[in-house]
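what follows is a predicted structure for the sequence shown.
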Amino acid sequence: VAMETVSLEHQIQSVQRHIAFLKKEQMELLHDLHLEILRLQKHCSELTHDLEMKELEARQQDVLDRELEEKCRAMEAQLQEKEKDNLELRKELQHKETLVAALRSSLRSKERRFLEELKRRSHRVTILDTELQKQT
């Protein structure tokens, strides 16, 4: 009986040591799990912050994109207006060039007639001068 009691006491002490070891392991595991939870919470907060910053940047980029699109549309409208003005000016220039060409042609024709008339008169003056010379 004494032997069984000693053996039973050894078993109880062994079980108590195992329980103490398991409690210690469980406490360490819980501690590590709490640390991991804190680390993951911190990481999650950082990721949330990064996501919020990216969303803010994306919204700002969208605003910039819309502003640029509006400016682009305004510039395109101005370009179309300038092209329209340019086309009108080209038509006006072409019309004026046509008028200039017609005026040049008319001027050449008048110059030719003037020179012919001058020649005739010069010839007439020569004839009259010759007759006058004869008479004197």
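On my side now, so go ahead. Worth saying up front: this structure is predicted, and the values here are computed from it rather than measured. Residues are numbered from 1 along each chain as shown.

next, count neighbours for K110.
Other residues lying near K110 total 10 when counted by other Cβ atoms under 10 Å. Glycine gets a C-beta too; all of them are placed from N, C-alpha and C.

just give me the residue right at the centre of the protein.
L68 (6.5 Å; Cα atoms, centre = their mean).

which SSE is it in?
helix 2-135 (DSSP states H and E).

just the C-alpha atoms of stretch 46-58, please, in PDB.
C-alpha atoms of stretch 46-58 as PDB (Å, rounded to 0.1, in the frame of the first residue of the first chain):
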ATOM      1  CA  GLU A  46      -1.400  51.000 -41.900                       C
ATOM      2  CA  LEU A  47      -3.100  49.300 -44.900                       C
ATOM      3  CA  THR A  48      -6.400  51.200 -44.100                       C
ATOM      4  CA  HIS A  49      -4.400  54.500 -44.000                       C
ATOM      5  CA  ASP A  50      -2.600  53.700 -47.200                       C
ATOM      6  CA  LEU A  51      -5.900  52.800 -48.900                       C
ATOM      7  CA  GLU A  52      -7.500  56.100 -47.700                       C
ATOM      8  CA  MET A  53      -4.500  58.000 -49.000                       C
ATOM      9  CA  LYS A  54      -4.700  56.200 -52.400                       C
ATOM     10  CA  GLU A  55      -8.400  56.900 -52.500                       C
ATOM     11  CA  LEU A  56      -7.800  60.600 -51.700                       C
ATOM     12  CA  GLU A  57      -5.100  60.700 -54.400                       C
ATOM     13  CA  ALA A  58      -7.400  59.000 -56.900                       C
END
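
so how far is that stretch off the chain centroid?
24 Å (Cα atoms, centre = their mean, to the nearest Å).

good, we can wrap up now.
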